[in-house]
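Asker: got a sequence here, can you model it:
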Amino acid sequence: MSWPHRLPVRVYFEDTDAGGIAYHATYLRWAERGRTESLRAINLPHQLLIARYSSMLVVRRVEVEYVAPARLDDSLIVETRVLRSGGASVDLAQEVIGEGGGVKARLQVGLVCVRGEAMRPAPIPEPWRGVFRQAAMADGPARGPAETPAG
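Answerer: As a prediction, this is how the structure comes out:
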């Protein structure tokens, strides 16, 4: 798979408010699906990270900019890019894009790898770390500088 990852979604009735506009929290669910499917697309799903390393990638922070409303029955794409990858963290940029190419929302998401029951930060295991680093470098500085492994 090449980055960015693209996941098609549709705005269903359950995703909307009383006015037929996608509810603000719906974008977070779509973004989560985009992140999950991007890992599945490279054959490195969350479940493998949990089973093999007792580790998980959890959201540490998220920032959402709502640009334009998504409406009932709209066909959308959730695009996921890797911006930076550190030793225990990875920063992603996600966009929800309408059929005509217009951006509906932009998200900046910081993930941290945690291990075990203590849920303490831990280095991202290989091959996830290498994939994230490679994806960040492939995107280049136009979308955000790649960071060498740090913390």
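Asker: spell out which helix or strand contains the residue nearest the centre of the chain, please.
Answerer: The residue at the geometric middle of the chain, judged as the C-alpha nearest the mean C-alpha position with CA atoms, centre = their mean, is Arg35 (3.6 Å). With elements taken from DSSP states H and E, the one containing Arg35 is helix 24-41.
Asker: what comes up buried for that helix?
Answerer: Buried residues in helix 24-41, counted by 16 or more other CB atoms under 10 Å: 26-28, 30-31, 34-35, 37-41. In short, each C-beta sits where N, CA and C put it, glycine included.
Asker: pull the CA atoms of it into PDB?
Answerer: C-alpha atoms of helix 24-41 as PDB (Å, rounded to 0.1, in the frame of the first residue of the first chain):
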ATOM      1  CA  HIS A  24     -19.400  16.700  14.800                       C
ATOM      2  CA  ALA A  25     -18.500  13.500  16.700                       C
ATOM      3  CA  THR A  26     -19.100  11.400  13.600                       C
ATOM      4  CA  TYR A  27     -15.900  12.700  12.000                       C
ATOM      5  CA  LEU A  28     -14.000  11.200  14.900                       C
ATOM      6  CA  ARG A  29     -15.500   7.800  14.200                       C
ATOM      7  CA  TRP A  30     -14.700   8.100  10.500                       C
ATOM      8  CA  ALA A  31     -11.100   9.100  11.300                       C
ATOM      9  CA  GLU A  32     -10.800   6.100  13.600                       C
ATOM     10  CA  ARG A  33     -12.000   3.800  10.900                       C
ATOM     11  CA  GLY A  34      -9.500   5.400   8.500                       C
ATOM     12  CA  ARG A  35      -6.600   4.800  10.900                       C
ATOM     13  CA  THR A  36      -7.700   1.200  11.600                       C
ATOM     14  CA  GLU A  37      -8.100   0.400   7.900                       C
ATOM     15  CA  SER A  38      -4.800   2.000   7.000                       C
ATOM     16  CA  LEU A  39      -3.100  -0.500   9.300                       C
ATOM     17  CA  ARG A  40      -5.100  -3.400   7.900                       C
ATOM     18  CA  ALA A  41      -4.100  -2.400   4.400                       C
END
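Asker: picking that back up, name the SS class of the closest residue to the residue nearest to the centre of the chain other than its chain neighbours, please.
Answerer: Nearest in space to Arg35, with sequence neighbours left out and distances taken as CB to CB, 6 or more residues apart in numbering, is Thr80 at 5.9 Å. Here Thr80 is strand, with the state taken from DSSP: H, G, I helix; E, B strand; the rest coil.
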